[in-house]
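1. Please work out how this folds:
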Amino acid sequence: MPKFSAQSSITIKKSAREIIDVIANFQTWPTWSPWLIMEPKCRVTYEGDMGEPGSSYQWRGDMVGAGEMTLTEITDTGISCELLFIKPYKSRAHDRFTLQETEQGTIVTWSMSSSLPWFMFWMTKSMSEFISMDYQRGLLMLKSLLEEGKVPSRLSAIGDQTASSLWYIALEATATTDQLGAVMAKDFTKLANYFAAQHLHATGKPFALYFDMDMQTSRCTLHNCLPVAQQHDVDPPFICAQLPTKETFAVAHTGAYGFVGNAWSFAMMLARHKKIKTNKSPIGLERYVSDPSDVAPDDLVTEVALFKRL
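-> Purely as a prediction, here's the structure:
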């Protein structure tokens, strides 16, 4: 059986004991699980005394498949679990949370070791990358739950849309996913200042056009854009380009922008579930429906639209 492993880490400003108490209680998982958040109607059942070895939870959903997680060990520095996947294919995995207290907080490392059916040997590398990214999303939500008492991330499906052709002025950026928020804030400020200086008028909401996402490095190449009515001559590093009409499949995310990765994963999972073929490059758009100066971070609405491959 082809083996693979996955791992991600984050620092949480809580004691190891506080973090362990939350992770070991499976009834908290629907709040911060990177998979259950994408299918809130997924059936989840629990067995045993939560937080005690031998306790478990079972899930069964249309998109997230079916399986069971059992808590096998708790120590002062870690938690071990055994996973049984039933759908979409049968497999087993060992899950581990390792905690290390530091002056800055507790470093939480979430890792998995597993194997794939023999006929899926070609997916070991990509599976490791996908699950590591899922773990990072989950750890980010766990951090928010522990430090803020909430996870401001809600997902909803929009479905098929046509993105009409438009001209835009943009700045090109290359950044890792954890750098995107700061890079975008800087770029959109530069764009706003440039528009004001050149007496230009944006004809719609700002958006980001994604060309690629490297799953191994979490690095993205994108244009941060403001739409305009027509082509303009612009000064470098500004770009003026036209986006042709595209057929898309879209979802919406309501909540802090730091959790928008949930929307990308939701869109990709839902598209696969519906057997919708999507484009490899450019990948799609982020539309910023809400203005951060007018709306609280927890209420920001961002649409993610994947380009269909026709």
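2. Only C-alpha atoms from now on, for both contacts and neighbour counts.
-> Fine.
3. roughly how far apart are the spatially closest residue to His273 that is not a sequence neighbour and Lys41?
-> The shortest distance from His273 to any non-neighbouring residue, by Cα to Cα, 6 or more residues apart in numbering, is to Met63 (6.3 Å). Plainly put, Met63 is 10 Å away from Lys41 if you go by Cα to Cα, to the nearest Å.
4. cool, Leu285 as well?
-> 27 Å.
5. quick one, which of the two is more surrounded?
-> Shown here are Leu285 and Lys41; by other Cα atoms under 10 Å, Leu285 has more neighbours (23 against 11).
6. SS state for the more buried one?
-> Three-state call for Leu285 (DSSP: H, G, I helix; E, B strand; the rest coil): strand.
7. Would you agree it is in contact with Leu209?
-> Yes. Here Leu285 lies in contact with Leu209, judged by Cα atoms under 8 Å, at a distance of 4.8 Å.
8. one step back: what secondary structure does the residue nearest to His273 sit in?
-> Assigned with three-state DSSP, Met63 falls in the coil class.
9. Might you report the residue contacts of it?
-> Met63 sits next to 39, 269-270, 273 when contact means Cα atoms under 8 Å, 6 or more residues apart in numbering.
10. Nearest residue to Pro292 in space, ignoring adjacent ones along the chain?
-> Leu300 (6.9 Å).
11. thinking that neighbour is in contact with Phe259, fair?
-> No. Taking contacts as Cα under 8 Å, Leu300 lies outside contact range of Phe259: 10.8 Å.
12. what is in contact with those two at once?
-> By Cα under 8 Å, 6+ apart, no residue touches both Leu300 and Phe259.
13. re earlier: so can I have a markdown table of the contacts of Met63 showing neighbour count and distance to Leu306?
-> As requested, the contacts of Met63 are arranged in a markdown table below (neighbours: other Cα atoms under 10 Å; distance: Cα to Cα, whole Å):
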| residue | neighbour count | distance to Leu306 |
| --- | --- | --- |
| Glu39 | 19 | 19 |
| Met269 | 16 | 11 |
| Leu270 | 22 | 11 |
| His273 | 12 | 14 |
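14. Now the phi/psi pair for the residue nearest the centre of the chain, please.
-> The residue lying closest to the centre of the chain (Cα atoms, centre = their mean) is Gly261, at 2.3 Å. Main-chain dihedrals, Gly261, degrees, to the nearest 10: phi -60, psi -30.
15. Confirm for me that it is in contact with Arg137.
-> Yes. Gly261 is in contact with Arg137 according to Cα under 8 Å; the separation is 7.1 Å.
16. Assess the claim that Asn279 and Leu285 are in contact.
-> No. Look at Asn279 against Leu285 with Cα under 8 Å: they stay out of range, at 11.7 Å.
17. CA atoms only: put the strand or helix carrying Cys81 into PDB for me.
-> Secondary structure assignment for Cys81, by DSSP states H and E: strand 78-87. Extracted in PDB, the C-alpha atoms of strand 78-87 (Å, rounded to 0.1, in the frame of the first residue of the first chain):
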ATOM      1  CA  GLY A  78       0.000  15.100  22.900                       C
ATOM      2  CA  ILE A  79      -3.100  13.300  21.700                       C
ATOM      3  CA  SER A  80      -3.200  10.200  19.500                       C
ATOM      4  CA  CYS A  81      -6.200   9.000  17.400                       C
ATOM      5  CA  GLU A  82      -7.000   6.200  15.000                       C
ATOM      6  CA  LEU A  83      -8.900   7.000  11.900                       C
ATOM      7  CA  LEU A  84     -11.100   4.600   9.900                       C
ATOM      8  CA  PHE A  85     -12.200   5.900   6.500                       C
ATOM      9  CA  ILE A  86     -15.100   4.100   5.000                       C
ATOM     10  CA  LYS A  87     -16.100   6.300   2.000                       C
END
